[in-house]
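**Q** Only the shape, not the letters, is given here:
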Ligand SMILES: C[S@@+](CC[C@H](N)C(=O)[O-])C[C@H]1O[C@@H](n2cnc3c(N)ncnc32)[C@H](O)[C@@H]1O
């Protein structure tokens, strides 16, 4: 608990503390705690009995853990969320037929979710959809009766811009290791998805802006071509904002949306995945889906 106290107030504490320890083990700190991590041991021991070793590790390596808690951010880039972003993009861009879209992702981490059209998708037993030749298949499953219309055309993407306080540099192995450390040790599918997505992103670089997304957003929106539809989106980002920043973000979207066509896709504001669409000055609310945090299941609502 003393260590956890060093985490900045904006950060989800369990994620930061557990990831800092995982990161040290992944980078070669040799300690008996490794035996409990399936990401490091072929036959890992049960986590039920891990706490004494975890506590000892935390005490012995406190000096290595503290700077990580102070300097690193919870930047988990969960590509699984593209399982709902992909149908959302198809559905919403169909409200603007033939118009190219300019993607602006806030809190984009490594930018992996700016490449949702580069992945193949497998929903339960359904026929796969998306980019069939992709090296990465994102798996998810449906709940409920409704399904998105995957026969809708994939929109032309004119530009992809991500903005983050600390964009992850995919050419820097240490930063990739931090991304891997943010994945829970026993989650093999997530780790494999991340590794494949990183490889895809390395050869499909996107534009990344360093800065506070709320401050940068007006400037980024003014750079969107008049012929394009601006698509501002963010997942698991708004929980890291102050109430004031969050209000300013929504005010910017409203102000710009009253003047130009804009789609705003977000979670963590409404109780579910939701879009606000501004079309010729009209504001349209579109509840999109209920889903779990990593999009393992999706209940489509449209
Ligand atoms: C939990 S991660 C989510 C990453 C990605 N959106 C996803 O769903 O996979 C949150 C990201 O938001 C970024 N972030 C937090 N506050 C921010 C701010 N004010 N401006 C820009 N980025 C921010 C963090 O650096 C981090 O990369």
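**A** Ah, there it is. Keep in mind it's a predicted model, so treat the numbers as computed, not measured. Numbering: from 1, shown residues only.

**Q** what's near enough to touch residue 110?
**A** 75, 77, 167-168, 170, 175, 179, 198, 201 (CB atoms under 8 Å, 6 or more residues apart in numbering). Quick note: C-beta positions are derived from backbone N, CA and C, even for glycine.

**Q** How about residue 56?
**A** Listed by CB under 8 Å, 6+ apart, the contact set of residue 56 reads 32-33.

**Q** That one: what secondary structure?
**A** helix (DSSP: H, G, I helix; E, B strand; the rest coil).

**Q** and if you look at the one 10 residues further on?
**A** When the structure is split into helix, strand and coil by three-state DSSP, residue 66 lands in helix.

**Q** What about the residue of the stretch 51-200 of the chain found nearest the ligand? Give its phi and psi, please.
**A** The minimum distance from the stretch 51-200 of the chain to the ligand, using CB to the nearest ligand atom, falls at residue 107 (2.7 Å). Residue 107 adopts backbone torsions of phi 70, psi 50, taken as degrees, to the nearest 10.

**Q** Residue 271 now?
**A** phi -70, psi -10.

**Q** Excluding chain neighbours, what is closest to it?
**A** Leaving out its chain neighbours, the residue that sits closest to residue 271 by CB to CB, 6 or more residues apart in numbering is residue 290, at 8.0 Å.

**Q** What count of nearby residues applies to the one you found?
**A** 16 (other CB atoms under 10 Å).

**Q** and this structure, which residues reach the ligand?
**A** Contact residues (CB under 6 Å from any ligand atom) of the chain with the ligand: 73-78, 81, 107-109, 113, 163-166, 212-214, 235-237, 240-241.

**Q** Drop anything exposed from these.
**A** 73-78, 81, 107-109, 113, 163-164, 213-214, 235-237, 240-241 (16 or more other CB atoms under 10 Å).

**Q** now the helices for this structure?
**A** Secondary structure of the chain by DSSP state H: the helices cover 13-26, 51-60, 62-71, 82-93, 173-181, 188-202, 213-222, 243-257.

**Q** highest average neighbour count across those helices?
**A** For the helices of the chain, the largest average neighbour count (mean count of other CB atoms under 10 Å) is found in helix 82-93, namely a mean of 24.

**Q** pLDDT on that helix, on average?
**A** The pLDDT scores in helix 82-93 average 98.
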